[in-house]
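Novice: the sequence and its predicted three-dimensional model are supplied below.
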Amino acid sequence: MPTPLPMPSVGMLRELSDRHVLDQLMAAATMTRAEIAASTGLSKPTVSDSVRRLVADGLIVESGRRPTGRTGRLGQYYKLADDVGV
């Protein structure tokens, strides 16, 4: 009988989420958290946590607000930090 695979750790899942966010920003240059969530299938809270970690690590930076003609919270754009090699 095959040995069951170990459960992934929380740290491993965070690293995978962070990687998905970075991959999206490499492909699209700038995106909001909502856009990243929609394109990756990750939940908005998961994307927000990843963005917070990546900003703290200096890998991504805020790059302006999304202009909107509607009411509500403005989306913050994020991009790779200038000193991050792609």
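Specialist: In hand now; what should we look at?
Novice: where exactly do the helices run in the chain?
Specialist: 10-28, 33-40, 44-56 (DSSP state H).
Novice: tell me how far residue 50 lies from residue 6.
Specialist: 23 Å (C-beta to C-beta, to the nearest Å). Placement of C-beta: from N, CA and C, glycine included.
Novice: those two: which is more packed in?
Specialist: Taking neighbours as other C-beta atoms under 10 Å, residue 50 and residue 6 compare with residue 50 leading, 25 against 6.
Novice: dihedrals phi and psi, residue 82?
Specialist: Main-chain dihedrals, residue 82, degrees, to the nearest 10: phi -60, psi -30.
Novice: which residues touch it?
Specialist: residue 61 (C-beta atoms under 8 Å, 6 or more residues apart in numbering).
Novice: measure the residue nearest in space to the middle of the chain to residue 80 for me?
Specialist: Residue closest to the mean C-alpha point of the chain, counted by C-alpha atoms, centre = their mean, is residue 21 at 3.1 Å. As judged by C-beta to C-beta, residue 21 and residue 80 stand 10 Å apart.
Novice: do the same with residue 34
Specialist: Residue 34 is 18 Å from residue 80, by C-beta to C-beta.
Novice: ok, now residue 3?
Specialist: 40 Å.
Novice: give me the more crowded residue out of these two.
Specialist: Ranked by neighbour count (other C-beta under 10 Å), residue 3 and residue 80 place residue 80 first, with 18 against 5.
Novice: where does the residue of the chain most remote from its centre land on pLDDT?
Specialist: In the chain, residue 1 marks the outermost C-alpha relative to the chain mean, sitting 39.0 Å out by C-alpha atoms, centre = their mean. On the pLDDT scale, residue 1 is placed at 71.
Novice: again with the one 5 residues further on
Specialist: Confidence at residue 6, expressed as pLDDT, is 77.
Novice: from residue 15, how far off is it?
Specialist: Distance, residue 6 to residue 15, using C-beta to C-beta: 16 Å.
Novice: can you list the strands that the worst-scoring helix or strand of the chain on mean pLDDT pairs with?
Specialist: In the chain, the helix or strand scored least confidently by mean pLDDT, DSSP states H and E is strand 60-65, which has a mean of 89. Under the criterion DSSP bridges, strand 60-65 sits next to strand 76-80 (antiparallel) in its sheet.
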